[in-house]
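Colleague: sharing a sequence plus its predicted fold:
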Amino acid sequence: MKPQKASALTLGVAVALVAGVTLGNGGANVMPVFVDDFASRFKLSDSAAGLVAATQLMATASVTLLLAKRAARSGRVRMTRLGLAVAAVGFLGATAATDPVTLILANLILGANQGPGEGIGFLLMALGCLVAWPLVRRLPDGPATPGTAPTGAEENSAGAMTKPSVVLLAGTALLWAVTQGAWSYASVLGRQHTGMSHSAVSLVLAVSSVVALVGAVVGPFAARHFGRMRSMAAFVVAQAVAMAVLIFTHDPVLFVIAAVLWQACQLAALVQTLAAAALIDPTGHLVASLSGAGALGTGIGPLAVGAILDGARAGVLSLVLAIGTVAASLPLLRMTVAGAKAAARRNPAPVAAA
């Protein structure tokens, strides 16, 4: 079957998108189990396991940034399938790895993975790439309507008007470094502090990620009823507190509650951030810049948090990450206010007739 040229969201396109996004984000989403597996299989310290994780995430971030413009042109199906093939090779390499060096090389190749059960998860992900191969052929292979894309001059003009500040990009990178770093060690900390089994902690984190989808609905609802700035600030503070509690608590029930609240508030804040960026810059350049900064922060996070864990206790880590979350969110809160003003300018209140 030929690659799809239209962008209508048919069942085939939806299945292709779900398959691609699921595998593309597999490593970051399942990083807690991933890091726990590395540490147990190869007797790695927290910082060493973080280095392996950071290698994979930085590879993902680098490739994402390098191929961002390429993905806007035709040939997406071929590029996606090439990515699946390379990822499958990396997964198989991680499955067969018998030493940390081979493991790091495999992570560098695949750029997206997970690893529960003494490496068996890598094999399952390789099989997932095989299953996804025929599904991604339904992806739109290029722009829906050729000729409607903005010209280079228009893109440069829009980009100059909404060029993000260094502070905003640094805040975004720091926020994702803190978030992904803490998330990467959630399984290790949960198992060590609460006494829960490996499979129980993995189940809790998986369920919390699914339940947290409620945050995607609550975020816009709260913004409409309480204002963007106020609701965003509340989500950030709640996220920071929940993250700190999850890191140092020894109570299994409190661990579960903190995991769900953390993920839900993070998703709610993320939705508001992306919405504000889209309102400020409808061309998508600002969203792309923030995504790139976030990807780089995601890659740094596990290594930084692992180093802190090796040199300090969980209580210190929880305090550092909570303060880091609030501090990193300040530029994003300011952007959220700017987004609200942009929305007001584009949709002014109707003037009552005399």
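Modeller: Perfect, thanks for sending it. Residues are numbered from 1 along each chain as shown.
Colleague: mind checking the SS state of A242?
Modeller: Following DSSP: H, G, I helix; E, B strand; the rest coil, the label given to A242 is helix.
Colleague: hang on, it packs against L261?
Modeller: Yes. In this structure, A242 is within contact of L261 by C-beta atoms under 8 Å, at 4.1 Å. (Each C-beta comes from the backbone N, C-alpha and C, glycine too.)
Colleague: tell me where the stretch 201-350 of the chain has helices.
Modeller: 214-226, 228-248, 252-280, 285-311, 314-346 (DSSP state H, counting those that start in this stretch).
Colleague: out of those, which comes closest to S199?
Modeller: helix 252-280 (13.6 Å; C-beta to C-beta).
Colleague: let me see the confidence value for G20.
Modeller: Per-residue pLDDT puts G20 at 69.
Colleague: before we move on, what about the one 3 residues further on?
Modeller: We note a pLDDT of 69 for L23 in this prediction.
Colleague: find the least confident helix or strand in this structure, judged by mean pLDDT.
Modeller: Across the helices and strands of the chain, mean pLDDT, DSSP states H and E gives its lowest value to helix 152-161, namely a mean of 48.
Colleague: report the mean per-residue pLDDT for the helix or strand following it.
Modeller: Next along the chain after helix 152-161, taking DSSP states H and E as the criterion, comes helix 166-184. Averaging pLDDT along helix 166-184 yields 91.
Colleague: list of residues touching helix 166-184?
Modeller: Contact with helix 166-184 is made by 28, 31-32, 34-35, 50, 53, 57, 243, 246-247, 266, 289-290, 293-298, 300-306, 317, 321, 324-325, 327-332, 334-335, as judged by C-beta atoms under 8 Å, 6 or more residues apart in numbering.
Colleague: give the buried residues for it.
Modeller: For helix 166-184, burial by neighbour count (16 or more other C-beta atoms under 10 Å) applies to 168-169, 171-184.
Colleague: which one of the helices of the stretch 201-350 of the chain lies closest to A85?
Modeller: Here helix 285-311 is closest among the helices of the stretch 201-350 of the chain (C-beta to C-beta), at 21.8 Å.
Colleague: same for that closest one, what does it pack against?
Modeller: Here helix 285-311 touches helix 46-67, helix 152-161, helix 166-184, helix 252-280, helix 314-346, going by 3 or more C-beta pairs under 8 Å, 6 or more residues apart in numbering; DSSP states H and E.
Colleague: report the backbone C-alpha coordinates of stretch 281-288 in CSV.
Modeller: Extracted C-alpha coordinates of stretch 281-288, given in CSV (Å, rounded to 0.1, in the frame of the first residue of the first chain):
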residue,chain,number,x,y,z
ASP,A,281,3.2,32.0,18.2
PRO,A,282,0.6,30.2,15.9
THR,A,283,3.4,29.2,13.5
GLY,A,284,4.6,26.6,16.0
HIS,A,285,8.2,27.9,16.2
LEU,A,286,7.9,28.7,19.9
VAL,A,287,6.5,25.2,20.7
ALA,A,288,9.3,23.6,18.7
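Colleague: how about low-confidence regions in the stretch 251-354 of the chain?
Modeller: Applying pLDDT under 70 to the stretch 251-354 of the chain flags residues 343-354.
Colleague: contacting residues around the closest residue to D99 other than its chain neighbours?
Modeller: Of all residues not flanking D99 in the chain, F42 sits nearest, at 7.3 Å (C-beta to C-beta, 6 or more residues apart in numbering). F42 sits next to 99-100, 103 when contact means C-beta under 8 Å, 6+ apart.
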